[in-house]
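Enquirer: generate coordinates for the sequence data below:
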Amino acid sequence: MKLLLIGHGYLGQAITRQFRENGWDVVATSLSGSDGTISCDVGDSESVGSLPSADLIVHCAASGRGGAEAYQRVYVDGCRNLVEKFPGVPLLFTSSTSVYAQIDGSVVTEESPAIPDRETGSLLLAAETVALAAGGTVTRLSGIYGPGRSVILKKFLSGEAVIEEDGRRFLNQIHRDDAARAIFHLAETKATGVFNTSDSTPLSQLECYQALAEIFQKPMPPSGPRDLNRKRGWTHKQVSNAKLAATGWQPEFRAFTDAVASVAATLHQAGS
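Expert: Sure, this is the predicted structure:
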């Protein structure tokens, strides 16, 4: 079986490892074409047209921290180009739980309203629509953390963390390797449709910092106002992974606190 992987960043590299360990041939692309990847601008139809076919396409390219224009090109145009150039080849698009803008602390499932409060979220939904219309699969990923990466943990350990108001806002996260395993699981089971990809334990900000303070024997962060400039928007929701779990997948790290000790060691090594 051959996987055509669009995007080879933090998550993409873990996806490559997961599929290769399970006997798949992986052809990975990146904008630069470095590190053994094929150069491809997924927003350009001619560039996509030069790619080899495969048994499955996974689109997990990043927007390069760009705004709406980059989201349109990489995600919406990218999915459209892939569907048009490879008709009949299953497409899995990695989206984001930021499409859910709920602020009431409710549990959100794939059936919950997805009405983003930012244009970038609306463009992710547009890309999802392209993939789903072609019979594809969408994974709505919570905040990804893992080796060398965790904004929450880095800020806590450096003393920069702030508890927003009373700390009630829920944090929804997924370990990078659990996300890669979920994508491989969906590929193997040939599941289609939308799947929230999050760990099994949404933690309030207060609960999270209380646990970190105990684990690392450090003081609690101070309280402050809401951070309304968050990249993923200010939301308060509990993302349910029940639909994905019902297909037979379970995260190795059921809660962020299960992984923080191992992640902290990699942050220290990175000089963070």
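
Enquirer: run through who's touching the helix or strand containing Ala211.
Expert: Using DSSP states H and E, Ala211 maps to helix 205-216. Under the contact criterion C-beta atoms under 8 Å, 6 or more residues apart in numbering, helix 205-216 has outside partners 152-153, 156-157, 161, 163-164, 166-171, 203, 218-221, 256-257, 260-261, 264. Any C-beta I mention is one placed from the backbone N, CA and C, and that applies to glycine too.

Enquirer: check the residue positioned nearest the centre of the chain and give its pLDDT.
Expert: For the chain, the residue nearest the mean C-alpha position is Leu141 (3.6 Å; C-alpha atoms, centre = their mean). What the model reports for Leu141 is a pLDDT of 98.

Enquirer: can you verify my assumption that it contacts Ser95?
Expert: Yes - with contact defined as C-beta atoms under 8 Å, Leu141 reaches Ser95; the gap is 7.0 Å.

Enquirer: circling back to that earlier point, please identify the buried residues of the helix holding Ala211?
Expert: With burial defined by 16 or more other C-beta atoms under 10 Å, the residues of helix 205-216 counted as buried are Gln205, Leu206, Glu207, Cys208, Tyr209, Gln210, Leu212.

Enquirer: what of stretch 185-192?
Expert: His185, Leu186, Ala187, Ala191, Thr192.

Enquirer: distance of the second one from Pro116?
Expert: Taken as C-beta to C-beta, to the nearest Å, the spacing of Leu186 relative to Pro116 amounts to 23 Å.

Enquirer: just to revisit the earlier point, with pLDDT and distance to His175 added, can I get the buried residues of helix 205-216 in TSV?
Expert: Output for the buried residues of helix 205-216, formatted as TSV (pLDDT from 0 to 100; distance: C-beta to C-beta, whole Å):
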residue	pLDDT	distance to His175
Gln205	96	19
Leu206	97	22
Glu207	97	18
Cys208	98	15
Tyr209	98	19
Gln210	98	20
Leu212	98	16
